[in-house]
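S.K.: Kindly generate the corresponding structure for this input.
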Amino acid sequence: MKIEILDKIITLVMASLGLVAALAWNEAIQQIFKDIFGQASSTWAMVLYALIITVIVVLLTLKLTRMLDVAKQKLSSNDKKNNN
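M.R.: Purely as a prediction, here's the structure:
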């Protein structure tokens, strides 16, 4: 039971740190966006920012998922070789 609680606490702490990092990156990206496109106070500028970030996140997610699949396949094939 204690290990399960510790596992959950570690998971929550890691998620919290991930959120802090995401918020820091959000502010940095917003500042870069303002530097490139000027003051981003208009609705259209914020929509454009959200669309650009969404596309980047989707592309990164797809790339990371593919990398994970390749790693799993390599691990699986290595396990099969070692068992034979």
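
S.K.: from here on, contacts and neighbour counts on C-alpha atoms
M.R.: Will do.

S.K.: could you pull out the helices for this structure?
M.R.: 2-37, 43-83 (DSSP state H).

S.K.: Which other helices and strands does the first one contact?
M.R.: Judged by 3 or more CA pairs under 8 Å, 6 or more residues apart in numbering; DSSP states H and E, helix 2-37 is in contact with no other helix or strand.

S.K.: quick check: angle from that helix to helix 43-83?
M.R.: Here helix 2-37 runs at an angle of 140 degrees relative to helix 43-83 (axes from the mean of the first three to the mean of the last three CA atoms, to 10 degrees).

S.K.: on that earlier part again, turn the helices of the chain into a markdown table, including mean pLDDT and mean neighbour count.
M.R.: Below are the helices of the chain laid out as a markdown table (pLDDT from 0 to 100; neighbours: other CA atoms under 10 Å):
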| stretch | mean pLDDT | mean neighbour count |
| --- | --- | --- |
| helix 2-37 | 87 | 12 |
| helix 43-83 | 87 | 12 |
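
S.K.: Kindly report the domain assignment for the protein.
M.R.: 1-38, 41-84 (automatic domain parsing).

S.K.: List the neighbours of stretch 6-21 that are in contact with it.
M.R.: By CA atoms under 8 Å, 6 or more residues apart in numbering, no residue outside stretch 6-21 reaches it.
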